[in-house]
Each structure stands twice: as structure tokens, then as C-alpha cells.
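J.: have a look; sequence and predicted model below, questions after that.
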Amino acid sequence: MAGLYVKPGNKERGWNDPPQFSYGLQTQAGGPKRTPLTKRVAAPQDGSPRVPTLETSPGAPPMGPPPLSSKASRPPFVGSCPPSSMEPTNFPVVESEILLEDVLRPLERALEDCRGHTKKQVCDDISRRLALLQEQWAGGKLSMPVKKRMALLVQELSSHQWDAADDIHRSLMVDHVTEVSQWMVGVKRLIAEKRSLSSEEEANEEKSVATTEQNQTVPGIQHDP
Amino acid sequence: MATYLEFIQQNEERDGVRFSWNVWPSSRLEATRMVVPLACILTPLKERPDLPPVQYEPVLCSRPTCKAILNPLCQVDYRAKLWACNFCFQRNQFPPAYAGISEVNQPAELMPQFSTVEYVIQRGAQSPLIFLYVVDTCLEEDDLQALKESLQMSLSLLPPDAMVGLITFGRMVQVHELSCEGISKSYVFRGTKDLTAKQIQDMLGLTKPAMPVHPAHPAQPQEHPSISSRFLQPIHKIDMNLTDLLGELQRDPWPVPQGKRPLRSTGVALSIAVGLLEGTFPNTGARIMLFVGGPPTQGPGMVVGDELKVPIRSWHDIEKDNARFMKKATKHYEMLANRAAANGHCVDIYACALDQTGLLEMKCCTNLTGGHMVMGDSFNTSLFKQTFQRIFSKDFNGNFRMAFGATLEVKTSRELKVAGAIGPCVSLNVKGPCVSENELGVGGTSQWKICGLDPTSTLGIYFEVVNQHNAPIPQGGRGAIQFVTHYQHSSTQRRIRATTIARNWADAQSQLKHIEAAFDQEAAAVLMARLGVFRAESEEGPDVLRWLDRQLIRLCQKFGQYTKEDPSSFRLSDSFSLYPQFMFHLRRSPFLQVFNNSPDESSYYRHHFARQDLTQSLIMIQPILYSYSFHGPPEPVLLDSSSILADRILLMDTFFQIVIYLGETIAQWQKAGYQDMPEYENFKHLLQAPLDDAQEILHARFPMPRYVSTEHGGSQARFLLSKVNPSQTHNNLYAWGQETGAPILTDDVSLQVFMDHLKKLAVSSAC
């Protein structure tokens, strides 16, 4: 699924630019949350500043190393560690080459399926964008994460998992907009058209099943009309 | 005290309401002597995952001047199927659908735990959400590219039946006609000439043809496809063409000579946007999203001329009355803001530039309509990109968090009146028995309009106790308030959220201790702060500080325990102990101190302060400081220079910035690379802990804060040093006799000095 990662902000344009969360991480419902940092300490009523429990010696302290790591001295955290790391997650599966064909063929097939149902201009527009996708992929302009997620998207589309496919398209638009913006909207439309075509087909199927059932009344068995 | 804290928290979780006083002084005279007004912080659409909306309409009191909603405080006669309104005591018949109710079969809205109920309105057509993008093209190449990509991305985040439109501007203003056919057309307007709404609508061909109005079928926007479709189209039809159109946008073609600013016609562009929506979708939820990369430099609403050598106004200029364009520009945008608000449309401003962009003049557009104000350095930063993405964030049901076209109505029992509200709203000028003559904030009304809001939008609502002194405490001993919010949910359903609360009255003469114990110092601090910031918009800064100080002294005189003329005897009870500290930090905050901030920055900070919920508002007033060390788990520490120690890492959250500061020793260890050595793995964990906590904050906050990672001696340490209480300065370093903590180079008064003065004044009989 979409990667869960955080990458640094654009330090060239904003020295204090915050880190950027991936779409997957952003949409995560929350999970085990660390305790929110909202506590305050009241100032002492008598006015003197609080003396901290450990006095550091005045002047330049002789700098020794930090305390050695041991089970006892490990500081407990406010909450549990979040699952995300600061680098892009590595997929545990051995990375195999993702073929352009494996992604493009199912998309083209889906487009063919829609030809009867969708306006010609829209189909042409989608087709134009698929050609753009092919060109960019073959030209080596697309990064590995984009190719991986497109492969997943195509899988979901073929299994009629419209919402999942849609979510992957969104994650690609959010995380990799520069690479995908020119053609992704075509894929988005294709998912939408396939979805509506498929629900039409289902509706027709139900109707025809209902009529055949009506014609096949078996004595003793109740049918709902 | 523990029980009151729980009580306060439970009520906030359930109803989204926090009161300054939870036991109410029963007479007007006594209430004014409390110093802090009776007021509440209300989050009308607080997220309640445990509260499913009910699929029927609310039952209303039949008295025309009342119309309160049935609630758990009402007396019910189950046999006679009657209920008595707790606000006006009218007896009402239950509607036929309630024939089956009984003591054991209560409708949800009568059960005590349902003090907040959300109703879904079934009838009426549901109009789509509308988004109108108004885009400045006088940007640098890579900024424009980044902005275009963000807009293209947003098309994937919007729901398929949302309507979308595009206006671009630079020297001229272009209204793009969206069509599915190949050729894209646009209407071009000069950026120098303002037009009336009617002129704009005529020129765009939006004048409605005369249509016979059938009484049963009121004209809906979607019944006039020929009018609305040219400039505003549904996403599912137009996304591909609009993606291409956005992709083809070029920088404003007019060349910018050396030493000049680009000619940017923001005023006219916004005027056309407001007029376009006024003419096509009045009284429907809509967002105008204005993206600017610099200040308006021509036409109505211009904020600075095009000569670079004449800088944009600073606070100094404004004080010296040297801001030529300010009054006129502010007036222009106020006019647009009021028109947009009247139509239920909200205006967002996304301003990304290294210099000011005129947020001071344009702020009414966001503040009156509930729109967002986002300020960044460039559109090519994660701060802008992520903040923009978060506008389209969804809740646990997969619905957008944004809501539109809300009306908030407040009803009170007769001992109370409504004095006003402070927040992202406009008055609806609804007079009535609940409306006080004394105004605090936006007053003179019991209803306000909030055109754009989300689950964190929060208003401060101020009340007046009107019971006469020595009048008996009302029967039942409780006062009640009902908050009713009508709004358009992002799923396009219309909904009503009703919250009804009650609190006990108490006689301040004999029961002051009870009133004291029920004081919510956090809510009080935020409510007083909102009042202060509201005043600061129209009064001189020093006057506001003097007012704030006077209120604090009076509060301490009333509720402190002390012997007269003996400052060292002064004590405050637990329920007041944090309050002076909040006031101290508020006085130093960017909301009341404009020194060191540009007018745009001050406007930006004040904008967010006036709409955030209590927890975030407190963070803004008094930033949170947590300390990480080997001495134990991370702990909150005093926002004080004595907390800055060599062997600690500090995490400071000011709401607008997250600062991670490494103490001197920690920084040296990091430089030496101990975190990479396996035997010092716990040091690596120590360095990581504040980063993980910071990430937790960054994950959810809107807008994205700036992220400062610094250390002892670093130039960016100034963010931390300017916020902490300077208990040690170069002036008093040797007076304390110890050298813990870092001295701050400042002449600012410290909390200790502040408290000393406060105590002296509070115990003095001269005041």
C-alpha cells in the first residue's frame, strides 16, 4: 500500500520548513497515540525560580561522554514509539522489475470496456493520457515508488476494488504530483467510468435475474418479487 | 478541586463548551465584581465520534419569540404528551410522531447524556459544494509550478460532484470558461477598474432570465444549468480539462522593469470572484480560495505601489499615519467580505512570499467569513503544500471536515442576556429578549453567521447577568443556555446541532467560595485574551495592556488571600494559581506586542488566535515546554530561562513553531557522534524522543507550524529565548547567587518582577 514516511521539508525555500508526511501517514486514523504534550507547571507562588534537582557546575563543565547504554538507564518515553521512521520504508519483498506492459495492458483493456458506455471525447482524452504515461515510463522518467503503486492500482482496478484504486490514485497525486499530474487524471477518470459501467452492468444483471426467477416459479418455494 | 476539573473536562468533551465560571453569581452587580465576565468558549461542531446524528427534525417550542429546541432540561408530562419549555415556560404539545414516548421510552433529546444532539434535515434540495480558485500568476517560475501542481492535486481530493471554477490574475483578471470542448475561452477584465456586482454579472452573461416561480418548486441553482455551467462545473465532468488548463498556466506576461514590483490586481480579482458567486450561487456553501505571491499593487485594494524602493507599510508607518493605501484598501476588502458573508460564501487567503502581501488589509475577508489564512515563504514549501492538503482532510466517516453556511443562535434563560461573540463570524442583527444592550465583541444580536467552519472552529460568547441585586435566586436554582447551529455538512446534508447546558446560581455574598472553586482559569484566560485582542484592533496597544493589567489587579484583589499592605502574604487558591502567569505571557505575546512583527504577521497570528479551541489557544498564549534528559521521563517544565540547561533537550510548542533545542552538552555529544556508537544507544534514543513527539504534533496541526531545530548558541535559539520568562538577564544574573540556566539578554520584565508588582498593587488599600 502507500508508503508511510516522512521526508524533510524544502530547506532551500524555507529554512524552517516542516517535514512532509506521506499520504499514507497523513490519512492514518491515529493508532496508539503518544500522550499529548499539554501540561504546564505553575510558577512558584513565592517568586523564586525553581532550582532544578541536578545542579550543573558553574563554568565550562569538563565534557565527559554520555551515560553508557544499559537496560536500567534507558529513559522511558511519554508514549509508545510511532510506527513511522524518518526514511522511506523498505518493502520486505524482493524488488522485481515492474513491467510497463503489466500496468498499461489492463488500463487499455479497461478503456476498451468503457468505449460503449462513455462519450468518445472522454475516451480519447483518457487514451491520450495513457499514451503519455507510456512515454514517461518508457523514457525512465517515473520513479520506482510510482511504478510500484501503479502496479497495485491496476491490480485493484482489475479486481473491481474501486475505492482502493481511487485511494492509490490519490496517494500518488499527493506524494508524487510532479511525476504523475499530467496523466493521472486520466487514470482517475478511467476508474470512475469503470465503476459506473460496472454498477450499470450489475443493475442490469439483477433485473434479468429477477425476471428469470419470476418465470421459474417452483411450487412450495417463496420468492420475493 | 479535582471534581471540578473532571466536571469541566467532561462537559467540554460532551458539549464543546467551557465557561469562565461554572457556578454563576446571581445578580448583575455581583457578576461585574467578578471581573472576568460570565462567558464561554464554544466549539459548535466539535467532533463527536460517539454521537450519531438523529434522522429527524428537532421539536421546537411553539412560542414564536422563543422556538427553543426540546432538551433534557424540559419538564415532560408523558401521560398528557406535553412538555414545558425551560426557557419561556410555554407548554407545548408533542407532535404525533412522539405518541409512543414514556418515562422508559424517551427520545434521545430528552436524555441527560444527550445535552448535545445533532439532527439531519431531510427536506430541501441539497446543493453541491463550490470551490472557486483565484490564482495570482505574478509568481516565480518554480513557485507557480508548485502552486499549479497543488491545485491539480486538489482536484483529486475534492468529491466528484463538487463544482469548481478558475480565475487567474496579474495585471489583468481572467475568468476562465470551463468547457469539455477543446477550445478554452476566458473573459478578461482590466485590473485597474472596480466593477459593481451587477456590472460583473452582466459582462459575464449571468443575468438570470425571468422565470415563473412555482410555489412548490422554488428555483434551485441546478435548475439553471445554462447559467452556472460556464464558469463553475462539477469535477467529474471537468477534471481532465481543468488539469490541462492549470498545467498550461503561464506567468503573467507583462514584463516587470528593474526596480519595480509586478502589477497585481488582487482587489479586482477578488471583486469579480465575489460577484460571480453572488450571481450564480447565492446562499449556498462556497469557498473562494485566493492564492497570492505578493501584495496588490494596482487598482482598488492596492496596498503598495509598484516602486520597490517604497517599502510596504510597517507598524511604524501605521503609527505615524504614513500608510497611504491602508484605509482605502481595508475598506475595499471589508465591502467584499461583507458581501461574501451575506451570501454564505467564505474566502480563504493563501499568501506565500518573502515580503508582506497585504494580509493586514485583506484579513476581514477571512475573519468575517470563517475562511482560512495561510502564510508561507513560498508555494514550493512543505508548509504550504501540507497545510493546503489538510484542508481536504476527512473525518472517521470519510466526510470532509469543512462545513459551510452556519448560523449560530444563542438562547438564554431570563436571568441572562447575550452581550456578544468573538470569532470568525458576522452579526445577523437579530434582536430579541436575549440580547443585551452592553456589547462585548460582536454584539447587539443573538444570532451570527459563520460561512466556513470545521470541527475546531471556536467562538467566545459573552453574557450578562441581568438579575437585580437582592432579587431571589430563580426557582430550581439553575440558569440555562441553548446553542443552536444550523449548517451545511460536507456531504451536502443540512444539519442542526443543539447544545443545552445549565449551571447553578449562587449568592456571591454567602457562597463566594463555591463560585471561586468553580472558576475555570484556562477558559477565563482565553476569554479575556480574546477580549484584549479584539480591543487591540481598534485601540492603542498600551491602552489594551493597561486594561488587561487593571483587570488582573482587580481579580487578585477580589480573590487573593492576603493581609492588607503585606505583599508577602498574598496567596491565590489553586483554581486561580495559573491565571497571572497566563496574563504575563499574554502581555508578551505577538497578539498584543506588535514589536518585532510585521503588520501582516500580527494579522496572521491574531487570525488564528480568534478561532482556535481552548487547548491550542492556551498554547499560543503560553507555549508548552517539555524537557528530555537522562534523569527521567520527559516532563513539562517552567517556561523560564532556568529550564534551559546544558544536559537537556527542550521541545517548545508555540502553535506556530515547533522548536527543538539541544542544551550545550547534548550538542557537544551529538557533534562528537556518540549517537552512532552502539554502546551509547540510549543517547540515540534521547535525541530521537523529542523528534517523535514533535512529529505527533506536526501530524495533526492546521496550519502546519514552522519547524526549528537548533542548539545552544545557534542563531535560531532566539525563538526559544524570546518566549521563556527571562528570570535571569544580564541585569540580575549575579543577584540570584546561582548560575543555573541561561541568562537572556533583554530588558523585559520577568515573571517574578511582574508578580511582585502585582502583589504590591493587590494588597494596597490605595487601589
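T.: Done, it's in.
J.: CA only for contacts and neighbour counts going forward, please
T.: Will do.
J.: what parts of the stretch 501-650 of chain B come near chain A?
T.: Taking Cα under 8 Å from any Cα of the partner chain as the criterion, the stretch 501-650 of chain B approaches chain A at residues B:568, B:571, B:577-578, B:581, B:615, B:619, B:624-626, B:629-634, B:636-638, B:642-643, B:646.
J.: anything in the lengthiest helix in chain A near chain B?
T.: Longest helix in chain A, counting residues (DSSP state H): helix A:177-215. Yes. Shown here: helix A:177-215 in contact with chain B (Cα under 8 Å from any Cα) through A:177-178, A:181-182, A:185-186, A:188-189.
J.: what's the most distant pair in the residues you listed?
T.: Maximum pairwise distance in the residues of helix A:177-215 next to chain B, criterion Cα to Cα, is 18.8 Å, between A:178 and A:189.
J.: point out where chain A drops to low pLDDT.
T.: Applying pLDDT under 70 to chain A flags residues A:1-2, A:29-35, A:45-63, A:70-96, A:215-225.
J.: now the strands for it?
T.: For chain A, the strands defined by DSSP state E cover A:6-7, A:20-21.
J.: re earlier: which among the residues of the stretch 501-650 of chain B next to chain A count as buried?
T.: Buried members of these, scored by 16 or more other Cα atoms under 10 Å in any protein chain shown, are B:571, B:577-578, B:581, B:619, B:624-626, B:629-630, B:634, B:636-638, B:642-643, B:646.
J.: so who does the closest residue to residue B:153 other than its chain neighbours touch?
T.: Spatial nearest neighbour of residue B:153, chain neighbours left out: residue A:173 (5.5 Å); criterion: Cα to Cα, 6 or more residues apart in numbering or on different chains. Contact analysis of residue A:173 by Cα atoms under 8 Å, 6 or more residues apart in numbering or on different chains lists A:180-181, A:184, B:153, B:156.
J.: now residue A:173: how far from residue B:516?
T.: Separation of residue A:173 from residue B:516 (Cα to Cα, to the nearest Å): 55 Å.
J.: isn't residue B:263 right up against residue B:299?
T.: No. Using Cα atoms under 8 Å as the test, residue B:263 is too far from residue B:299 to be in contact (9.1 Å).
J.: name the residues that touch stretch B:495-513?
T.: B:15, B:22-27, B:30, B:44-45, B:69, B:71-73, B:115-121, B:473-474, B:477-489, B:514-515.
J.: try 6 Å
T.: B:23-26, B:115-121, B:477-487 (Cα atoms under 6 Å, 6 or more residues apart in numbering or on different chains).
J.: and for the nearest residue to residue A:132 once chain neighbours are set aside, the neighbour number?
T.: Closest residue to residue A:132 apart from its sequence neighbours, by Cα to Cα, 6+ apart: residue A:183 at 6.3 Å. Neighbour count of residue A:183, defined by other Cα atoms under 10 Å in any protein chain shown: 23.
J.: pretty sure residue A:183 sits against residue A:129.
T.: Yes. In this structure, residue A:183 is within contact of residue A:129 by Cα atoms under 6 Å, at 4.7 Å.
J.: any weak-confidence spans in chain B?
T.: In chain B, residues with pLDDT under 70: B:1-2, B:182, B:208-229, B:474-476, B:730-747, B:766-767.
J.: how much space separates the residue nearest the centre of it from residue B:424?
T.: Nearest residue to the geometric centre of chain B (Cα atoms, centre = their mean): residue B:611, 1.5 Å. Using Cα to Cα, one gets 6 Å for the distance from residue B:611 to residue B:424.
J.: same check on residue A:123?
T.: Distance from residue A:123 to residue B:424, by Cα to Cα: 45 Å.
J.: neighbour count for those two, which is higher?
T.: residue B:424 (28 against 21).
J.: element containing that one, please.
T.: Here residue B:424, judged by DSSP states H and E, is contained in no helix and no strand.
J.: residue A:178 and residue A:189: which has the busier surroundings?
T.: Counted by other Cα under 10 Å, residue A:178 and residue A:189 do not tie: residue A:189 has more neighbours, with 20 against 17.
J.: send the alpha carbons of stretch B:655-670 over as PDB?
T.: Extracted C-alpha coordinates of stretch B:655-670, given in PDB (Å, rounded to 0.1, in the frame of the first residue of the first chain):
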ATOM      1  CA  PHE B 655       1.400  26.600  18.000                       C
ATOM      2  CA  PHE B 656       3.100  28.500  15.100                       C
ATOM      3  CA  GLN B 657       6.500  26.900  15.700                       C
ATOM      4  CA  ILE B 658       7.900  23.700  17.000                       C
ATOM      5  CA  VAL B 659      11.400  24.300  18.400                       C
ATOM      6  CA  ILE B 660      13.800  21.600  19.400                       C
ATOM      7  CA  TYR B 661      16.700  22.900  21.300                       C
ATOM      8  CA  LEU B 662      19.700  20.900  22.300                       C
ATOM      9  CA  GLY B 663      21.500  22.000  25.500                       C
ATOM     10  CA  GLU B 664      25.200  22.700  25.300                       C
ATOM     11  CA  THR B 665      26.400  19.300  26.500                       C
ATOM     12  CA  ILE B 666      23.900  17.500  24.400                       C
ATOM     13  CA  ALA B 667      25.000  19.400  21.300                       C
ATOM     14  CA  GLN B 668      28.600  18.600  22.000                       C
ATOM     15  CA  TRP B 669      27.800  14.900  22.400                       C
ATOM     16  CA  GLN B 670      25.900  15.000  19.100                       C
END
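J.: quick revisit: any common contacting residues for residue A:183 and residue A:129?
T.: By Cα under 6 Å, 6+ apart, no residue touches both residue A:183 and residue A:129.
J.: contacting residues for residue B:764?
T.: Residue B:764 is in contact with residue B:565, counting by Cα under 6 Å, 6+ apart.
J.: what do you get if the cut-off is 10 Å, keeping everything else the same?
T.: B:557, B:563-567, B:758 (Cα atoms under 10 Å, 6 or more residues apart in numbering or on different chains).
J.: repeat that for residue B:381.
T.: By Cα under 10 Å, 6+ apart, the contact set of residue B:381 is A:9-20, B:143, B:146-147, B:352.
J.: now the residue of the stretch 451-600 of chain B found nearest chain A. Nearest residue, chain neighbours left out?
T.: Nearest residue of the stretch 451-600 of chain B to chain A, counting by Cα to the nearest Cα: residue B:578, 5.9 Å away. Distance criterion Cα to Cα, 6+ apart; nearest residue to residue B:578, sequence neighbours excluded, is residue A:42 at 5.9 Å.
J.: count the residues that sit near that neighbour.
T.: Other residues near residue A:42 come to 14 when the count uses other Cα under 10 Å.
J.: distance of it relative to residue A:187?
T.: Between residue A:42 and residue A:187 the distance is 57 Å, computed by Cα to Cα.
J.: now for residue B:611 and residue B:424: what residues contact both?
T.: Taking Cα under 10 Å, 6+ apart as the contact rule, residue B:611 and residue B:424 both touch B:367, B:370, B:453, B:457-460.
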